[in-house]
Each structure stands twice: as C-alpha cells, then as structure tokens.
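Enquirer: Here's a sequence, model it:
(one chain, ligands or ions: 1)
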Amino acid sequence: MGKEAESLAYENDDDLEYEDDDTPTIPARTAFRRFWPLTRGLRRWLILVWVCTVLAALAETEAILLFSDLTDRALAKGSLSAFWSPAVKWLGVAIVGAVIAYAGNSLAAWATERFVLRLREHVFDHVQQLPPHFFQLHRQGDLLSRLTSDVEAIETLVVSGVVGTASAIFSALFYAAAAFWLRWDLAAATFVLAPLFWLAARRFSGSIRDVSREGRVADGAITSVVEESLGNIVLTQAYDRRDAERRRLHEEASAWFRASVRSTRLNEAYEQLVTVIETVCVLAVIGIGAWEISTGRMTLGQLLAFSAFLGYLYPPVRGLAQLGLTITAATAGAERLIEILDVRPSVADPRRGADVGRPDGTVEVTGVSFTYPGADSTALSDLSFTVNPGELVIVTGPSGAGKSTVSKLLLRFYDPDAGDIRLDGVPLRDFPLARLREYVTLLPQETLVLHDTVRANIACGRPGASEQAIEDAARAADAHDFIGKLPAGYDTRIDPGTARLSGGQLQRLAIARAILRDAPVLVLDEPTTGLDAIAARRVVKPLRRLMAGRTTIMITHDLNLAPDADRILVVDGGRIVETGRHGELLAWGGAYSRLHRSQNNAVMDTGELRLPQFAEEPVPVPAAYDVNAGSYGAYGYDGYAGYGAPVGYEYGTVPTTFPDGRPLFRDEEPWPGI
Ligand SMILES: Nc1ncnc2c1ncn2[C@@H]1O[C@H](COP(=O)(O)OP(=O)(O)OP(=O)(O)O)[C@@H](O)[C@H]1O
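Expert: Okay, here's the model as predicted:
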C-alpha cells in the first residue's frame, strides 16, 4: 500500500467486541476526513472532472440562449431563413457539449473506481493483519458486507460526493445567475420558494440515515447466515436443520425487508414532495410570465429560456439536497468500516528489525504471561522453558490449558503481556514479522488449503521453489504417490471443503509445504488431531522427516510421539505443571501419567485403535505399557487387559460397563491440584 494508506492513522483503540445495533454515529465530516487521504494522486483528475462539468454547463447555457433566439426570430415570426444560423450554432454547441460530458463522465468513473480499488485494498490489507481472535468475534458474512457494499458507500461520500457537490454548487449558481440576468424580477419571485427544498431535505435526512444503517446491518447478517449455513451444510443435512436455518435466514431477511421497504418509502416520499415543490415553482413562473407577456415586457422566447434555465437549475438544487441524504446514508457505511479500521493489529513490525541471518533454532521462553484481549482470565502465567536446536519438545495438557496459545505467541500473533520469547537470543519482537515467520513455521491444527493447484499449495511454503524441490518435498511427505493418482497430478485444483482429498492427504500436503519452507523452528499444533488412527499413523513418518534436524515444539493431546521427545511440558491452567521425559513422567505417576492413561482409555472406544500403531515397526505384545522401554510396541494389541481400570479405582454399584464388557464411561479422573 502507498503512503496515503499509511497516513490513515488508527485513531482509537476500540475494543473488538461491539454490537452492530450500538454502532456509534459519527459526523459525515469525520468520516470524510478519515478517507480523504486515499484520494491522493486522484485529486487533479477530480478537478478535471469538475472543469468538464463547468464546460458542459456553459454549453447548455449557450444552447438555451440559442433556443430563445430561435423562438423569437424564427418560430414567433414564422421565418425559415432565420432558423438556419442559430440551428447550426446550436448543433455545434451540442456536439462540443456531448464530447466534454463524455470525457468528464468517463474520467469520473475511472477516478471513482480507482478510489474504490484503493480503499478495498487498504481495508483488506488491514484486516489481514488483525489478530486471530478478531475473526472469532466477527461473523464472516458481516466482514464481507463491510468489505464490499460499505466500501462503495464511502466512495459516494468521498469522491462522487465531492465532485457532485462542486458541480451542483457551480451549476446551481450558474443557472441561477443566468435566470437573474434574463429576468431578475421573475427569478427573485421564484427563489423565494427555494428554502422549501432545503426544508424537505432536512426533514428526511435523519430517518434515511437510520434506515440505511439498519439495512446495512441486516445485509451483513444475511450474508453471514448464508455463509455459515453453506459452510455447515453437512450438519444442516445430517441433522435436518433446514427449517432452523430457513428460520434464521427468514429473521435476518425480514429485518432487511423492513429496512429496505422503509428506505424506499422515505426516498419516494421525499422525491414526490420535491416534485410538488417544483410544480409550485413552475406554475409561479408561468403565471408571472403570462402577466409580463400580456403587458409586453417579455417575449415568449425569453419566458421559454427562463423556464429552461429553471429546468436546468432544479437538478443541481435537488442534487444538493439529495446529496445531503446520500452522504448521510454513506456515512452509515463509513462508520461500519471505521470500526474495523480502528481495530489495531496486535503486533507491529519493528522499526529497525534485527536480521541475524538464519538462526540455529534456540527458543527461550522466559516468565511469559498472557491474557487474550477482552478475556477475564489469564491464558498463560509465568511460563518458562528452553528448546535447544534440533530438540523435540512436546507441550501437552488438558483442553483449554493454554497449549495453542503457546503456538500463537511463538508465531507472534500476539506479544506476551509479561516475559520474553527469544529465538537465538534475539527477542521475537525484534525480528521483522515476515522474517520471523520464515524462521518459525506453523503446522496448524486445521489443514489450510488454498483455492489453487496441488503444486501451488505446496509451493506457497517457498514461493519460487523449483519443480524438483516441490516434488522432493511431496515425496518426503509421502504425498507424491497420491498426488500422482489425482486427475491432473500436481496441476489438480483443490478447494477447501471439497472431498477430493482426505484429511490425512491434506495433512501430508501441509507437511510437504512445511518441508519446502525449511524453517529452523517448527511449531506443530495438534498435527494428528482429527485424523483417524490409520491416517494418523501415515503422517507420523513424514512428520519425523519434517522434524529431523529442526527445533520442534509439538502441541498435542496425542502422546504417540511422546517417547521421541527430548522433553515433555505438561501445561494446565496456563502453567507448566510437570516437565521431563516420557519415561520419567510416567514413572513419576503425576498429571502426565494420568493424561497418558486417559488417552489409552479413550482409544478403547474404537477397536481399530487397538491395532499396533506403526505397522513398519516390530510390534512386541506386552500385557501393559513398559514405561522404561518407551516404545510404540507398548500399544500392542492385547485385548482389553492392558487398558483396564486404573489401579485403585473403585467402581460402585452403578453399571460401568456394557454387557459385552466395554466401559460405559471413559475414565476421566479429575486432575487433582492442578
Ligand atoms: N480468542 C480468545 N479470547 C479469549 N480467550 C481465549 C481465546 N482463545 C483461547 N482463549 C482461552 O485461553 C485459554 C487457553 O486456550 P488454548 O486454546 O491455548 O487452549 P488449548 O490448551 O490449546 O486447548 P485445546 O486443547 O482444547 O485446543 C482457554 O481458557 C481459552 O478459553
């Protein structure tokens, strides 16, 4: 974005959580000032548009005077010879006027669309920097509506509004002067009625603004419902929620319907009122004109020319009054966009970023505490740990413990409120953001897919990567084979949400992308969550290849890779409650061993999971997990014996098993003391 965009300072640090109905009402002037800087570079063209409007008005005036001439000299006297000269001049003036009007209108369209383009890019650019919780708090449909129709509303306010006002003021003054010049007494009599236009506009502007704001909010809500409903189509169909979804849409659509009908009624009432006022003015002119002609003080040509000037005068006067209404309606759109622009990105690029070159990958987290903006409780408190280059650290713990928050801080989606995170001794906030995210790669929980080809989906890990590099990454991620079977191989287009690729295949694509990115530090957020046991098993090998030689912080509930970890951090309530290696922690018999046991009990629900975890590896079949061996073979198939009720757990008289012996409840002991 250019400087003009940057100069739109974020004035208020508003809270993200706002209610649409409580949208603050800002004056049009404030909205205008906020977006005017975006017209930089376009202003001289806008002046040219205005000059074209002035020239077109001059041509119209000349045409009216020629018409008056024609009426008095040719029509009133019935002389054909007097017709030709003014007629040819009139035609010439009309052609010149048409060319100027064409040039002016084309230029106006170019300038306005250019402004819309700029504004859209500016807002989009801003939205892309906003923190993850912004998108959790805002409905996507509403954001879409703000990025589309509200952006256009601002154009009306800032560009068309300015040019329109300047042109309308000029035309109104010009035609009024022409009318005065022609017959000042007649003009004075007519203009006595002019304040009626102003009164009418004033009467309507407030209501039109309110209803237009309601319409915009409802418009955003409709888009949200449609978008959410289509995104959830499986749930809708599987649970036959069509009626509920239809009712939701009906509710929002009814609000929009009411606002839209009210808006049309108000606009129509205003239009008709203005037409009546105009008729009063025209009748006054004809009445006074008839009297003046009867006394011989005026010719018919003059009266017609006067009426024509008045006819040309009404549109700009009407436009000026209406412009007020249009601007107030556009302000409703502007304030919705300003709300978004006022939300600050949670992190900023440093002024002079440190670039120490590719780091080795030492990650030090020291005394980090963090609370999400607007949240009541702390997500992380006084967290400290170090990961040395090439180490694998697993962060585990119960749901809501703060594990994903660690990944968000490592990627610098947020800065900690207290404490410090360093990469090779350099605080994360000193790295340019783009550089930091080149050094620290995230493999997020949900597999993210671009609407593009398989190749582009892998290549986005490192733009400009060679074909060979992309293919090598796909091979390392065990993705090459299934890609080869797709209809167009690497050129097959994939879409988020389509069933073309399975969850496991998408995850392997994501791994290929991360391999290609080749960052020294990896943050894996639940890399196997959402995959069934077989798919999860298939991604383990590629994951190992990805992790080899890189500092890896893996956030996971799935403890299958735990024996590989150099260290395991057990987090609960935002604090590290245990740390050590897999075997040590199991032997310790604390939170980790309970977590590990509950995971094993959880897998009892599906017989499939009792299969050996890794087909490639020898599978010993011990009766119970061998803590010291720490191998995957410990998960060996052994009926239910190895996964029985925890030691010391007393079942009461309440049935706890199905008739076939499967447990009724998962063993989810509380985590005492943490
Ligand atoms: N955007 C947010 N705004 C406010 N609080 C949040 C936000 N995101 C998460 N939290 C809170 O922060 C705490 C830690 O959340 P986090 O997502 O890090 O947990 P987690 O351990 O990764 O959980 P899970 O295993 O279920 O993904 C939770 O109490 C959660 O409610």
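
Enquirer: where's whichever residue of the stretch 101-250 of the chain sits closest to the ligand, which helix or strand?
Expert: When scored by Cβ to the nearest ligand atom, the stretch 101-250 of the chain has His133 as its residue closest to the ligand, at 3.2 Å. No exception for glycine: its C-beta is placed from N, CA and C like everyone else's. Element membership of His133, judged by DSSP states H and E, is helix 132-137.

Enquirer: Which is the succeeding secondary structure element to that helix?
Expert: With secondary structure assigned by DSSP H and E, helix 132-137 is succeeded by helix 140-145.

Enquirer: Please work out the average pLDDT along that next one.
Expert: Mean pLDDT, computed over helix 140-145, is 77.

Enquirer: Could you find the closest non-adjacent residue to the residue of the stretch 101-250 of the chain closest to the ligand?
Expert: In space, and not counting its chain neighbours, His133 is closest to Tyr372: 5.8 Å by Cβ to Cβ, 6 or more residues apart in numbering.

Enquirer: Double-check the one you found against Phe134; I have them as touching.
Expert: No - when contacts are counted by Cβ atoms under 8 Å, Tyr372 is not listed as touching Phe134 (11.1 Å).

Enquirer: How about the residues of the stretch 51-200 of the chain by the ligand?
Expert: 133, 136 (Cβ under 6 Å from any ligand atom).

Enquirer: got any ranges where the stretch 51-200 of the chain has weak pLDDT?
Expert: Counting by pLDDT under 70, the stretch 51-200 of the chain has low-confidence residues at 76.

Enquirer: where along it do the helices fall?
Expert: 81-128, 132-137, 140-145, 151-155, 161-182, 184-191, 195-231 (DSSP state H, counting those that start in this stretch).

Enquirer: For the last one, list every residue counted as buried.
Expert: Looking back up the chat, that one is helix 195-231. Across helix 195-231, burial judged by 16 or more other Cβ atoms under 10 Å covers 196-197, 200-201, 204-205, 207-227, 229.

Enquirer: Next: the shortest one.
Expert: By neighbour count, with 16+ other Cβ under 10 Å as the criterion, the buried positions of helix 151-155 are 151, 153-155.

Enquirer: Relative to Ala56, which of the residues you listed is nearest.
Expert: Minimum distance to Ala56 across those is 22.0 Å, recorded for Glu155 (Cβ to Cβ).

Enquirer: any idea how far Gly425 is from that closest one?
Expert: Distance, Glu155 to Gly425, by Cβ to Cβ, to the nearest Å: 49 Å.

Enquirer: One more: Leu450?
Expert: Here the distance between Leu450 and Gly425 works out to 35 Å (Cβ to Cβ).

Enquirer: Can you give the domain ranges for the chain?
Expert: As given by automatic domain parsing, the domain ranges for the chain are 12-341, 363-588.

Enquirer: circling back to that earlier point, comparing Leu450 and Gly425, which residue is more hemmed in?
Expert: Comparing Leu450 with Gly425 by other Cβ atoms under 10 Å, the one with more neighbours is Leu450, at 14 against 10.

Enquirer: Would you agree that one is in contact with Ala459?
Expert: No - here Leu450 lies out of contact with Ala459, judged by Cβ under 8 Å, at a distance of 9.8 Å.

Enquirer: what sits against the closest residue to Phe174 other than its chain neighbours?
Expert: Once flanking residues are discounted, Phe174 sits nearest to Ala57: 5.4 Å by Cβ to Cβ, 6+ apart. Neighbouring residues of Ala57 by Cβ atoms under 8 Å, 6 or more residues apart in numbering: 170-171, 174-175, 312.

Enquirer: what do you get if the cut-off is 10 Å, keeping everything else the same?
Expert: 97, 100-101, 167, 170-175, 178, 312, 316 (Cβ atoms under 10 Å, 6 or more residues apart in numbering).

Enquirer: So how do I select the buried members of those residues in ChimeraX?
Expert: Here is the ChimeraX selection string for the buried members of the contacts of Ala57, based on 16+ other Cβ under 10 Å:
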select :97,100,101,167,171,172,174,175,178,312,316
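
Enquirer: Nearest to Leu443 among the contacts of Ala57?
Expert: Nearest to Leu443 among the contacts of Ala57: Ser167, at 56.8 Å, using Cβ to Cβ.

Enquirer: partners of the helix or strand that contains Val365, with directions?
Expert: Following DSSP H and E, one finds Val365 within strand 363-370. Strand pairing for strand 363-370, using DSSP bridges, gives strand 380-387 (antiparallel), strand 418-423 (antiparallel).

Enquirer: wait, does that strand contact the ligand?
Expert: No - Strand 363-370 lies out of reach of the ligand by Cβ under 6 Å from any ligand atom, never closer than 8.7 Å.

Enquirer: for that strand, which positions count as buried?
Expert: Buried residues in strand 363-370, defined by neighbour count with 16+ other Cβ under 10 Å: 363-365, 368-370.

Enquirer: Perfect, I'm done here.
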